[in-house]
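> Next comes the sequence, and after it the predicted model I'd like to discuss.
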2 protein chains.
Amino acid sequence: MAGIKEIAKITGLSLATVSRVFNDSSLVSPKTREKVLKAAKEIDYRPNMMAAALRSGKSKIIGVIVPEVNNSFFSDIINGIERVVSDSGFNIIISQTHEQQEKENAALNSFLKLNVDGVLMSISKETKDHTHIQKVIDSQTPIVFFDRRPKLELINTVLLNNYLGAYIATEHLINMNCEKLLHIAGSSDVSIFEERKNGFLAAVQKHKTPAMVHHLQDSKTQTKENLKNLKNLFEEHPTIDGIFAYGDEMAIHLLNLLSTLKVNIPKKVKLIGFGNANFSGLTQPSLSSIDQESSLMGELSANLLLQNLKKKTKPTSKILSPKLIKRESTNGSD
Amino acid sequence: MAGIKEIAKITGLSLATVSRVFNDSSLVSPKTREKVLKAAKEIDYRPNMMAAALRSGKSKIIGVIVPEVNNSFFSDIINGIERVVSDSGFNIIISQTHEQQEKENAALNSFLKLNVDGVLMSISKETKDHTHIQKVIDSQTPIVFFDRRPKLELINTVLLNNYLGAYIATEHLINMNCEKLLHIAGSSDVSIFEERKNGFLAAVQKHKTPAMVHHLQDSKTQTKENLKNLKNLFEEHPTIDGIFAYGDEMAIHLLNLLSTLKVNIPKKVKLIGFGNANFSGLTQPSLSSIDQESSLMGELSANLLLQNLKKKTKPTSKILSPKLIKRESTNGSD
DNA sequence: AAACAAAATGTAAACGTTTACATTTTTATT
DNA sequence: AATAAAAATGTAAACGTTTACATTTTGTTT
C-alpha cells in the first residue's frame, strides 16, 4: 500500500483528486496540488504504470524495431528517437529483427500484447508479407516507418533520398576526375539499394561517363566468392578509376582488396561508400561516404509519431537529403 | 471485449479455467484446454499483459541498461541476452546511459515504475552514487551486473577477467619479440582499465621486459592534445616496439598516428588493442585484440537473472576468460 | 444576499487479468 | 456401492489506477 490510496489517506483527499495531480493537473487547486506532491515525496510514491495503462488504455510505451542494434546507422536513429521521446515521458522498447521476418512478426506481436502506444520501425530486408503490419494498423496503433518502408498505402514514412545520395557520390567521383566508374550494387531485392544504383546510373548518364555496375553473387559482403569475382573484375578492367560502393562495409573490403592488389587509393582509384559508418573515419585512407542524417531521421520519426499520438493526422511522408562527406579515399591529387 | 471473458462465453467455461489454460496449464483437462485454444484462435485473442502484470505483479519485462548501444561489445551482449530471454517469454526494454549517472537514475526509475521483473545492467563510468541501485535492490527486484560492477556487497555479477586479458595481450607482444613495451592506459577512475594496466605491469615484470605506461590527458581518445602528446612520446622513445592499448578505438588512432609518422606496423612496432570491436578486423593492418566473449557474457547474465527470478538464490559472481585474437598488427616477421 | 457559473473535489465503477478458496466431477480404493 | 482422494472447474475479490458523473465549494453578478 504505497500507492495513490496512501496519499489520499495522508492528505485526506479523494483518490480522484490525487490522481488528477499526476495527470490533468489543471483541474486541481494549487494548494492541494502542493499537499499531494509533498505527501508523494514523503512516502516515495512511484506510480504503477501497469495499473494506469490498464485503466487508461495508454501504456506510455513506444515500440521500436530495427534490423540490428549493432549498426551505427540504426543506433544513431535510436539515439535520435530517445532524445525526442523521453522528454515526453515515454519509455521505448527496442527489438531487433536480425533481418528476419519471423522475428519481426514476433516483435510486433509482443508490442500489441504490451499495448504499446505507437510503433517506430524499419522493416527487415526479408519481409515480404505485410499481414502482421496490417494487424498493427488495424489495431489503431500509430506507426511510423523509417529508412525502409513496406509497400503499403497510407502510411507514415521518414526516408532518405537514396537516389540523390548516390547521385551526389557519383558526381563527386566525376568531379575528382574519375573517367571510368564502377558501382558495386547491393541486393536488388532491397529498394534502397536499387535507388542507389539508379542514382549512380543517372549521374553517369548525365555526365556521359563510362561506367559499369557489378552485382554481388552472395548477399554477404565478405565471402571468398565475392572477393574472387571482384579481383577478376579489376584485372579485366584496369582502367577503372572510381568506385561507388553501395555501403561502407563493402567499401572497406574493397579498400583492403585493392591494397593487396597494390592499387593505390586514392591516387590510382578513388573510392566512396554510403552510410558514413562509425568506422569510416578510422580506416586508412579514411573513407569518403554519404551521410544519412541518421539521428535527424530518428528525431523526425519520433516527432511524427508523437504528433499522431495526439491526434490521428493524415499519413505523412518526409524525405531527408543525404550529405557528402569528403575524406581521403577520394581526395588524392592524381 | 476480445479478452478472456469472450473466450469464457464462447466455451461456456469460467474465467478461471480459461486463464489457467494460458498459465498454469497442468491444472486443466486436455479437452477443455483444446477447446479454449481453439476459441482463442478464432477470435484472435491477444492477452493483455498490462492487466496480467497488474494482478500478478509480474510484468514479464526485463530492463537492460547499457552505456551505449552503438558499441559492438554492448550490442553483442544484448544479442546474447535476447537469445536467452526471449525463449522464456520475456520482453526486454533497453536504456542507454551515455555514461551519465543522471540517465542511469532515470532509467532505473522508469524500470521500477514499469514493474520490471528484473534488471541487467552495466553501470556507467560516471556513476559514483549507488542509492538508486540500492533502491532497486531494496524493492526486491533481482539485478545482475555485467562487465562493470558497482562497489556494493552481495550482488550478482558476470565480469571479464580484464587483468588476465591484459596479461595475455602483453605476453603476446613479448612472444613476438618486442623488447620495449608501452601501455596506453584508460582513465584510472574506471576499474576495468585499472585492471588492464595491472595485468600489463604484471606481465612485463614477470618477463623482465622494459616497459612504460602512458596516461592520456583527456579522456576522449581522439583529441589533438592527446595525439600531440603521443607523437612526442614516440619521438622521445624511438626504441618502443610493442604497444598495448587499453581499447580498440584507441589502438586504431595509434595505427593512424604511427602511419603518419612513417612507422611500419607490425614490422617496426607491434600493436594490440582490447575488446575485439567490429571494425578491428577491417583496418589495415588488421588489429590484434582481446576478445571479451561478449555474447556469452550476455547469455550468462541473462541465465543468472532468470535463475534469480525463479527463486532467490544467493549472490553469484562469474568471471569470464578473455581470448587472444591474433591479426596482422602483431604478426609481422622481423 | 440571492442566483448563477465556474472551479474544485468526491463517489464509485471500470480496465482485463489472476488467484485464494469453494465446489463439483472424476478416479481409485475398499 | 460407498467412501475417500484427486482432478477439474467455478466464484468472486483483488491488483492500482483513471474517469464519467455527481456533488460541494468558491467566485461573480445582479
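Right, received. Where do you want to start? Every value quoted in this text rests on a predicted model; they were computed, and no experiment measured them.
> Can I get the helix or strand containing residue A:20 as PDB, trimmed to CA atoms?
With secondary structure defined by DSSP states H and E, residue A:20 is part of helix A:15-22. What follows is the C-alpha trace of helix A:15-22 in PDB, where atoms were taken according to Å, rounded to 0.1, in the frame of the first residue of the first chain:
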ATOM      1  CA  LEU A  15      -8.400   9.100  -4.900                       C
ATOM      2  CA  ALA A  16      -9.700  11.200  -7.800                       C
ATOM      3  CA  THR A  17      -8.000  14.500  -6.900                       C
ATOM      4  CA  VAL A  18      -4.800  12.800  -6.000                       C
ATOM      5  CA  SER A  19      -4.800  11.000  -9.400                       C
ATOM      6  CA  ARG A  20      -5.600  14.300 -11.100                       C
ATOM      7  CA  VAL A  21      -2.500  15.900  -9.600                       C
ATOM      8  CA  PHE A  22      -0.300  13.400 -11.500                       C
END
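> So is that helix next to DNA strand C?
Yes. Counting by C-beta under 7 Å from any atom of the strand, DNA strand C is contacted by helix A:15-22 at A:15, A:16, A:17, A:20. C-beta coordinates here come from the backbone N, C-alpha and C atoms, glycine included.
> do the same with stretch A:40-56
Yes. For stretch A:40-56, a contact with DNA strand C is found by C-beta under 7 Å from any atom of the strand, at A:51, A:54, A:55.
> in a helix, that's where the first one is, yeah?
Translated: residue A:51. Yes. The secondary structure assignment for residue A:51 places it in a helix, going by DSSP: H, G, I helix; E, B strand; the rest coil.
> quick revisit: list only buried entries from the residues of stretch A:40-56 next to DNA strand C.
Listed as buried from the residues of stretch A:40-56 next to DNA strand C are A:51, A:54; burial here means 16 or more other C-beta atoms under 10 Å in any protein chain shown.
> Redo the residues of stretch A:40-56 next to DNA strand C as a markdown table? Include pLDDT and distance to residue A:280.
Supplementary listing: the residues of stretch A:40-56 next to DNA strand C in a markdown table, determined by pLDDT from 0 to 100; distance: C-beta to C-beta, whole Å:
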| residue | pLDDT | distance to residue A:280 |
| --- | --- | --- |
| A:51 | 97 | 48 |
| A:54 | 97 | 47 |
| A:55 | 96 | 49 |
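> hang on, the earlier thing: buried only: go through the residues of helix A:15-22 next to DNA strand C for me.
Members of the residues of helix A:15-22 next to DNA strand C classed as buried by 16+ other C-beta under 10 Å are A:17, A:20.
> Quick check: residue A:129 vs residue B:229, distance?
57 Å (C-beta to C-beta, to the nearest Å).
> So for these two, which residue has more residues nearby?
Ranked by neighbour count (other C-beta atoms under 10 Å in any protein chain shown), residue A:129 and residue B:229 place residue B:229 first, with 16 against 12.
> For the more buried one, which non-adjacent residue is spatially closest?
Using C-beta to C-beta, 6 or more residues apart in numbering or on different chains and skipping residues adjacent in sequence, the residue nearest residue B:229 is residue B:217, 6.3 Å away.
> How about the helix holding residue A:20 and chain B, touching?
No. Helix A:15-22 stays clear of chain B (C-beta under 8 Å from any C-beta of the partner chain), getting no nearer than 11.4 Å.
> got a list of contacts for that helix?
A:4, A:5, A:7, A:8, A:11, A:27, A:28, A:32, A:33, A:36, A:37, A:47 (C-beta atoms under 8 Å, 6 or more residues apart in numbering or on different chains).
> by contact count, what packs against the lowest-mean-pLDDT helix or strand in chain A?
Taking mean pLDDT, DSSP states H and E as the measure, helix A:224-236 is the helix or strand of chain A with the lowest mean score, a mean of 83. With contacts defined as 3 or more C-beta pairs under 8 Å, 6 or more residues apart in numbering or on different chains; DSSP states H and E, the packing partners of helix A:224-236 are strand A:211-215, helix A:248-260.
> what comes up buried for that helix?
By neighbour count, and taking 16+ other C-beta under 10 Å as the criterion, the buried residues in helix A:224-236 are A:226, A:227, A:229, A:230, A:234.
> show me where pLDDT drops low in the stretch 1-150 of chain A?
Residues of the stretch 1-150 of chain A that meet the criterion pLDDT under 70 lie in A:1.
> where do the helices sit along it?
Counting by DSSP state H, counting those that start in this stretch, the segments of the stretch 1-150 of chain A that form helices are A:4-11, A:15-22, A:30-42, A:49-56, A:72-86, A:101-113, A:131-138.
> Go back to the contacts of helix A:15-22 and keep what's next to DNA strand D.
On the criterion C-beta under 7 Å from any atom of the strand, A:4, A:5, A:47 are the entries of the contacts of helix A:15-22 that sit beside DNA strand D.
> Right, I'll leave it there.
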